[in-house]
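> No sequence on hand, only this structure:
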Ligand SMILES: Cc1cc2nc3c(=O)[nH]c(=O)nc-3n(C[C@H](O)[C@H](O)[C@H](O)COP(=O)(O)OP(=O)(O)OC[C@H]3O[C@@H](n4cnc5c(N)ncnc54)[C@H](O)[C@@H]3O)c2cc1C
């Protein structure tokens, strides 16, 4: 068994809340390790909507999920966080000396003075349709998210789903795809009415197709898709497609974290809004994973929560020191880090 990794703070989740927590804890004087089950930083912003503009980040009238995350990573970098990607937090235990041992599913163990849970809605997993042999196509011609829309340029794209993601991407990719077909099992859509209106306008203008139906079979070899067989009202038809995007929603379960003994409400972690500590002293929860009266699942909220969390968490990390709140403009710790 490798020796436990010692850290002052362990942050679980490298989404926007976890990344900003590195900055806030760093400015307060704590070193962080960050673990995420994904292979990269960014949480939902990168996994679900990397290229979509976000309009409600203060001082950024328009910034994509990917750009925002790149800036958060840059902002956190002076504090030298150590990232552990592909690591899923599994078990938490309090050690005799008051610290925490957090075990990852891989067996890796962290010893930390404070644990900050910034796990969003939990490990993000797309819902998959029951199509035989779909695994062979995944990552080659079948995708559950758009990482780079250029990968769809000049392609015969099929998009399945009736929510915002399906329609947003249909509208975005229609101008660059060779052909684009949206398939949905019914005429009604869950997407925003304005998005539905824009999609229907593109169909009326002949810039994309819409088919009512349910997918039955993927046709192709060695992961290379050629067409999708679908059915509607007793009729079976084939739609040529070499790229298929599936947007049937996501499952994100908090998994083992929900059983760590913290007070929970509706699958989320109850926090004290003064400092975002959970019912386990020394364990904090910020971002989408926490719940309190009036909680909004916004990036902005996660930033605010990270700032308040750090003020309390630093007292657990360095109980012997007196900690006074300082602005970033007058932080000696930050000035020192930025010098290097
Ligand atoms: C399509 C869409 C559009 C949106 N638009 C906006 C918008 O315009 N403005 C806005 O403010 N918000 C928007 N949001 C919401 C915003 O993305 C979330 O509020 C934000 O991402 C929450 O950040 P977070 O860091 O708390 O969690 P997340 O971004 O969910 O990150 C949590 C991270 O924790 C990891 N994780 C989970 N469980 C574990 C575990 N056990 N071990 C290790 N790692 C784990 C996950 O892999 C993930 O990377 C949008 C969301 C969606 C889906």
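Perfect, thanks for sending it. Values in this document were obtained by computation on a predicted structure and should not be read as measured data.

> Please tell me how far the residue nearest to residue 149 when sequence neighbours are not counted sits from the ligand.
Closest residue to residue 149 apart from its sequence neighbours, by C-beta to C-beta, 6 or more residues apart in numbering: residue 51 at 5.7 Å. Glycine gets a C-beta too; all of them are placed from N, C-alpha and C. Distance, residue 51 to the ligand, using C-beta to the nearest ligand atom, to the nearest Å: 11 Å.

> Over to residue 275?
17 Å.

> now residue 198
16 Å.

> Do I have it right that that residue meets residue 172?
No - Residue 198 is beyond contact range of residue 172, at 10.4 Å (criterion: C-beta atoms under 8 Å).

> if I look at the two, which residues touch both of them?
Common neighbours of residue 198 and residue 172 are not found (criterion: C-beta atoms under 8 Å, 6 or more residues apart in numbering).

> Does the nearest residue to residue 86 once chain neighbours are set aside lie in a helix or a strand, and which?
Spatial nearest neighbour of residue 86, excluding adjacent residues (C-beta to C-beta, 6+ apart): residue 39 at 5.5 Å. Residue 39 is part of no helix or strand when elements are defined by DSSP states H and E.

> again, but for the one 10 residues further on
Per DSSP H and E: residue 49 is located in neither a helix nor a strand.

> neighbours around the residue of the stretch 151-300 of the chain found nearest the ligand, how many?
Residue of the stretch 151-300 of the chain nearest the ligand, by C-beta to the nearest ligand atom: residue 287 (2.1 Å). Residue 287 has 31 neighbours, counted by other C-beta atoms under 10 Å.

> looking only at pLDDT, what's the mean for the helix ranked longest in the chain?
Determined from DSSP state H, the single longest helix within the chain is helix 299-317. Helix 299-317 carries an average pLDDT of 98.

> which residue sits closest to residue 5 in space, ignoring its chain neighbours?
Closest residue to residue 5 apart from its sequence neighbours, by C-beta to C-beta, 6+ apart: residue 110 at 4.9 Å.

> partner residues bridging that neighbour?
residue 5, residue 102 (DSSP bridges).

> domains in the chain, as residue ranges please.
The chain breaks down into these domains under automatic domain parsing: 5-124+251-339, 128-248.

> Apart from its neighbours in sequence, what residue is nearest the residue of the stretch 151-300 of the chain closest to the ligand?
Nearest-residue entry for residue 287: residue 17, 2.8 Å, with adjacent residues in sequence omitted and distances by C-beta to C-beta, 6+ apart.

> bridging residues for residue 220?
residue 225.

> ok, it - how many residues close by?
19.

> just for this protein, where's the confidence low?
340 (pLDDT under 70).

> give the contact list for the residue of the stretch 151-300 of the chain closest to the ligand.
Counted by C-beta under 8 Å, 6+ apart, residue 287 has contacts 13, 15, 16, 17, 18, 118, 119, 120, 301, 302, 305, 306.
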